[in-house]
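Visitor: based on what follows, work out the 3D shape:
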Amino acid sequence: MEQTWYVATIWLGLALVASIISIRTAISVALVEICVGVIGGNFLGLDPKVEWISFLSGFGAILLTFLAGAEIEPEILKKYGKESVAIGVVSFLLPFLGAMAYAYYVAGWSADASKICGVALSTTSVAVVYAVMVETGLNQTNLGKIILAACFVTDLGTVVALGVLFAHYNIWLAIFVFLTTLVLLATQGFTRWFFRTFGGHVSEPEIKFLFLLLVGLGWLATHANSEAVLPAYLLGLVVAGIFKENPQMVRHLRTATFALLTPFYFLKAGSIISLSAMLHGFELILILLGVKIAAKFLGVYPMAEFFRFKSRIGMYTTLLMSTGLTFGSISALFGYNRGIISQEQYTILVTVVIASAVVPTLIAQWFFQPNKADASHSWKKSPNS
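Guide: Got it, this is the predicted structure:
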């Protein structure tokens with residue numbers, strides 16, 4: 001038990017250092033936590049395989065994904081459905097095809113390993129984008145909601161591709177799909193009744209109820225060889241309208257998530273990067289990072305121009321859609337755990353994924369970040385005019 005307290009002290013101390021650096025440098029705390037995690041994993045003996053840290057980290061990823069889904073208001077999805085779906089689809093499709101083709105035809109990876117490469121590099125990081133949106137307040141603007149909705153479409157494409165290409169079609173997959181559908185259909189009405197009946201108490205039964213749904217669906221997903229973040233994302237989308245009616249509960253949930261759970265997720269993501277393996281595969285890492293970002297620019301920026309986004313807003317949108325972390329690292333781990341890719345290929349993919357979380361986000365924040373007023377007038381002229 002003494003060792004557990006010591007390990008917790010180290011991890012929370014690094015999380016505090018990351019927060020202070022983030023405040024002083026005005027860089028997203030998610031990115032700083034990843035960088036601090038790299039230092040911790042390579043020089044301070046930070047062990048990402050500790051079981052309770054893996055749980056907190058995984059639960060943090062689930063809650064981040066859930067909260068990101070809850071930011072997507074159905075009205076915004078209806079109003080800007082064309083923009084979100086079009087940007088989301090090209091953001092998935094072009095990097096998927098480009099990275100898969102490079103891995104297979106140039107890098108000489110096997111067909112299945114190339115598919116994993118394509119899937120892992122097609123993603124957009126909901127975790128990073130959502131954290132940036134909340135920190136900058138852009139999650140309150142239509143631009144922020146469109147970007148989050150487009151992230152949803154991109155990552156939905158990733159999950160579907162992973163399922164179609166590598167699914168184990170067994171009874172547990174059918175049970176998972178059936179029960180998840182049932183829960184999603186019943187959640188909105190039951191949750192509204194539950195919040196009205198038991199809400200407003202200091203014990204926060206509303207948050208415990210949401211935790212129960214998330215871990216229950218997460219268990220089902222894991223048992224069916226799927227991933228817990230998928231039902232969390234869909235559940236967030238279902239309760240988005242209810243969240244607007246309960247701002248205080250949402251504030252409490254965000255506080256618990258960002259103060260305790262997400263630091264473990266981002267620190268762990270950084271700690272698994274091996275600097276020696278990264279140096280060994282440095283050339284391929286740079287090339288795959290270039291392939292991913294170039295493919296995102298070929299797809300997303302012209303689409304932003306088509307929908308008459310201002311140039312600065314189009315660049316900001318493209319750079320944020322070029323980020324990767326949660327689903328990318330999950331896809332790489334999926335391939336590694338099933339023996340589809342080697343440990344070296346896994347290291348290369350995860351490093352590219354994490355680099356794509358840092359590089360495009362820093363460029364977007366330093367050179368193209370709009371203020372709230374700019375984000376509220378993102379188009380050269382109204383798309384509905």
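Visitor: can you tell me the closest non-neighbouring residue to residue 145?
Guide: Of all residues not flanking residue 145 in the chain, residue 76 sits nearest, at 4.3 Å (Cβ to Cβ, 6 or more residues apart in numbering). From N, CA and C alone the C-beta is placed, and that goes for glycine too.
Visitor: that neighbour is in what secondary structure piece?
Guide: For residue 76, the element it lies in under DSSP states H and E is helix 74-79.
Visitor: which helix or strand in the chain has the lowest average pLDDT?
Guide: In the chain, no helix or strand scores lower on mean pLDDT, DSSP states H and E than helix 372-376, which sits at a mean of 70.
Visitor: need phi/psi at the residue nearest the centre of the chain.
Guide: Centre of the chain computed as the mean C-alpha position; nearest residue by Cα atoms, centre = their mean is residue 126, 2.9 Å away. The phi and psi values for residue 126, taken as degrees, to the nearest 10, are phi -60, psi -40.
Visitor: the residue nearest to residue 145: neighbour count?
Guide: 18 (other Cβ atoms under 10 Å).
Visitor: got the confidence number for it?
Guide: pLDDT recorded at residue 76 is 70.
Visitor: can you pull the contacts of it?
Guide: Residues counted as contacts of residue 76 (Cβ atoms under 8 Å, 6 or more residues apart in numbering) are 142, 145, 146, 149.
Visitor: measure the second one to residue 304 for me?
Guide: In other words, residue 145. Distance, residue 145 to residue 304, using Cβ to Cβ, to the nearest Å: 15 Å.
Visitor: could you check which of these two is surrounded by more residues?
Guide: Using other Cβ under 10 Å as the criterion, residue 145 and residue 304 rank with residue 304 on top: 26 against 23.
Visitor: isn't that one right up against residue 90?
Guide: No. In this structure, residue 304 is not within contact of residue 90 by Cβ atoms under 8 Å, at 10.1 Å.
Visitor: and after the helix or strand containing residue 293, which helix or strand comes next?
Guide: Assigned by DSSP H and E, residue 293 belongs to helix 282-306. For helix 282-306, the following helix or strand on the C-terminal side (DSSP H and E) is helix 311-321.
Visitor: and that next one, what does it pack onto?
Guide: helix 81-101, helix 142-166, helix 282-306, helix 343-363, helix 372-376 (3 or more Cβ pairs under 8 Å, 6 or more residues apart in numbering; DSSP states H and E).
Visitor: what mean pLDDT does it have?
Guide: Helix 311-321 comes out at a mean pLDDT of 92.
Visitor: please compute how far it lies from its chain's middle.
Guide: 18 Å (Cα atoms, centre = their mean, to the nearest Å).
Visitor: equivalent analysis for stretch 354-368, please.
Guide: Averaging C-alpha positions (Cα atoms, centre = their mean) puts stretch 354-368 15 Å from its chain's average.
Visitor: same check on stretch 263-281?
Guide: Distance, centroid of stretch 263-281 to centroid of chain: 17 Å (Cα atoms, centre = their mean).
Visitor: same check on stretch 343-353?
Guide: Distance, centroid of stretch 343-353 to centroid of chain: 17 Å (Cα atoms, centre = their mean).
Visitor: using a markdown table, lay out the helices and strands packed on helix 311-321 together with distance to residue 25.
Guide: Output for those, formatted as a markdown table (distance: least, Cβ to Cβ, whole Å):
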| stretch | distance to residue 25 |
| --- | --- |
| helix 81-101 | 28 |
| helix 142-166 | 22 |
| helix 282-306 | 23 |
| helix 343-363 | 10 |
| helix 372-376 | 21 |
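Visitor: quick one, which of those is nearest to residue 32?
Guide: helix 343-363 (9.7 Å; Cβ to Cβ).
Visitor: between that closest one and helix 311-321, how many degrees?
Guide: With axes from the mean of the first three to the mean of the last three Cα atoms, to 10 degrees applied, the angle from helix 343-363 to helix 311-321 works out at 150 degrees.
Visitor: which positions in helix 343-363 come out as buried?
Guide: 345-361, 363 (16 or more other Cβ atoms under 10 Å).
Visitor: for the nearest residue to residue 222 once chain neighbours are set aside, what are phi and psi?
Guide: In space, residue 222 comes closest to residue 228 once its chain neighbours are excluded; the distance is 6.0 Å by Cβ to Cβ, 6+ apart. Backbone torsions of residue 228, given as degrees, to the nearest 10, read phi -70, psi -20.
Visitor: quick check: residue 228 touching residue 62?
Guide: Yes. Using Cβ under 8 Å, residue 228 makes contact with residue 62 at a distance of 5.4 Å.
Visitor: residue contacts, residue 223?
Guide: 172, 176.
Visitor: how far away is it from residue 181?
Guide: Using Cβ to Cβ, we find residue 223 at a distance of 16 Å from residue 181.
Visitor: next: residue 65.
Guide: 18 Å.
Visitor: which one's more surrounded, the two?
Guide: Higher neighbour count among residue 65 and residue 181: residue 65, with 29 against 12, using other Cβ under 10 Å.
Visitor: name the element the more buried one belongs to?
Guide: Using DSSP H and E, residue 65 maps to helix 51-70.
Visitor: next: residue 230.
Guide: Applying DSSP H and E, one finds residue 230 within helix 229-238.
Visitor: now that helix: mean pLDDT?
Guide: The average of the pLDDT scores along helix 229-238 is 85.
Visitor: residues in contact with the helix or strand that comes right after that helix?
Guide: Next in sequence after helix 229-238, counting helices and strands by DSSP H and E, comes helix 240-245. Outside helix 240-245, the residues within contact range by Cβ under 8 Å, 6+ apart are 69, 70, 71, 72, 73, 74, 188, 191, 192, 195, 249, 250.
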